[in-house]
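fold the following, please.
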Amino acid sequence: MAQRGGISHINYKETKGLKVAGGQSVVKSVILTREGNKWKPGKNVGGSGTLYALCDGEVYFTKKKGTYRTTKVYTLINIKPKAKKKA
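Now for the predicted structure:
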């Protein structure tokens with residue numbers, strides 16, 4: 001049976017996960033992760049399931065401890081904004 005467009009369930013795992021590395025520069029609206037609950041949005045990052053950049057800049061990661069009796073540690077994806085050029 002031929003595939004008719006879209007992503008087949010066999011290759012779906014390949015599209016999930018982290019799309020950028022720490023220290024990498026990104027532009028506005030670039031997708032940072034897909035379908036991940038390991039990462040949470042930090043500064044200048046939007047979205048819930050799929051995280052994306054809200055401004056141009058450099059990616060960096062931080063850790064945050066969960067609240068209310070949890071030992072879980074979350075990884076936050078943040079973006080350090082690029083310095084604007086002065087005329």
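
the strands in this protein, which residues?
For the chain, applying DSSP state E gives strands covering 17-18, 25-26, 31-34, 39-41, 45-46, 51-53, 57-65, 73-81.

winner for burial among these?
strand 51-53 (a mean of 21; mean count of other C-beta atoms under 10 Å). Where C-beta positions appear, they are placed from N, C-alpha and C, glycine not excepted.

strand partners of that strand, parallel vs antiparallel please.
Strand pairing for strand 51-53, using DSSP bridges, gives strand 31-34 (antiparallel), strand 45-46 (antiparallel).

for the last one, the averaged confidence score.
If I follow you right, that is strand 45-46. Strand 45-46 comes out with an average pLDDT of 94.

which outside residues touch it?
With contact meaning C-beta atoms under 8 Å, 6 or more residues apart in numbering, strand 45-46 is reached by 32, 51-54, 77-79.

can you do 6 Å?
Contacts to strand 45-46, defined as C-beta atoms under 6 Å, 6 or more residues apart in numbering, come from residues 51-52, 54, 77.

from start to finish, how long is stretch 67-77 in a straight line?
One end of stretch 67-77 to the other measures 18 Å (C-alpha to C-alpha, to the nearest Å).

and if you look at stretch 31-49?
Using C-alpha to C-alpha, first and last residues of stretch 31-49 are 11 Å apart.
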